[in-house]
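> Need coordinates for the below:
(2 chains)
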Amino acid sequence: GAVVSQHPSRVICKSGTSVKIECRSLDFQATTMFWYRQFPKKSLMLMATSNEGSKATYEQGVEKDKFLINHASLTLSTLTVTSAHPEDSSFYICSARGLQETQYFGPGTRLLVL
Amino acid sequence: AQSVTQPDIHITVSEGASLELRCNYSYGATPYLFWYVQSPGQGLQLLLKYFSGDTLVQGIKGFEAEFKRSQSSFNLRKPSVHWSDAAEYFCAVGDPGTYKYIFGTGTRLKVLA
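Sure, this is the predicted structure:
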């Protein structure tokens, strides 16, 4: 149980284009999902908290207009990187809050912006 | 300020040897505590968690962790390491109010055959 999927697993895009990443909780409902960014050999940096049916809450320093988050249902949250640039290349990981305040993580999406 | 410290960036052990990964935290109250493991290019898998009660927690894959309030520590242990345990290990503190996690910087475990 408590499986979280992400799609796509890898994406390469041209600079200036937008990329959408989906995060799904497959066997449970998640009112809260989180989006993280992980740099090579670094820890996870929380980008935003996504609550179903409401606006996402962004961490300090994260551009909300660049990283659009939508949490339209109890099993799906999306992160859209708008007008992507090479510095946005990273490993993006989502998590979903399950029972007992535990986060369950997706497998991650590796984004490369050329 | 709330923080999580994993003092060891890299640890190398021989297969079959015991393992202890250190985690210290700074938090105003007793937080929720977690250990996750990440294989290269993968997401994080929950090993174990502590909320309250028995301070020795058993997890998956033969791992256990002990919460020591006096030392603000939550060290992860395994009596006999397997080659497949080679990965990155993250300790995390969870805020009961916001559900947010603060992660440590991680410890990369290498296992020698």
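
> quick one: the strands in the chain?
As the question left the chain open, I've gone with chain A. A:4-7, A:10-13, A:19-25, A:32-38, A:44-51, A:57-58, A:67-73, A:76-81, A:90-97, A:103-105, A:109-113 (DSSP state E).

> Actually, chain B is the one I wanted.
Assigned by DSSP E, chain B shows strands spanning B:3-5, B:10-14, B:19-21, B:24-26, B:32-38, B:44-50, B:56-58, B:64-68, B:73-78, B:87-94, B:101-103, B:107-112.

> Could you dump those strands into TSV and include mean neighbour count, distance to A:Met33 and mean pLDDT?
For the C-beta atoms, the positions are set from N, CA and C on the backbone; glycine is no exception. Listed next are the strands of chain B as TSV, based on neighbours: other Cβ atoms under 10 Å in any protein chain shown; distance: least, Cβ to Cβ, whole Å; pLDDT from 0 to 100:
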stretch	mean neighbour count	distance to A:Met33	mean pLDDT
strand B:3-5	16	21	93
strand B:10-14	13	32	97
strand B:19-21	18	28	98
strand B:24-26	17	24	94
strand B:32-38	23	16	95
strand B:44-50	20	14	95
strand B:56-58	14	25	97
strand B:64-68	18	26	97
strand B:73-78	20	25	98
strand B:87-94	23	15	95
strand B:101-103	22	13	92
strand B:107-112	16	27	97
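
> Columns distance to A:Val4 on top of the ones you listed, output as CSV?
Converted to CSV, the strands of chain B look like this (distance: least, Cβ to Cβ, whole Å):
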stretch, distance to A:Val4
strand B:3-5, 22
strand B:10-14, 28
strand B:19-21, 24
strand B:24-26, 25
strand B:32-38, 13
strand B:44-50, 10
strand B:56-58, 22
strand B:64-68, 23
strand B:73-78, 22
strand B:87-94, 16
strand B:101-103, 14
strand B:107-112, 24
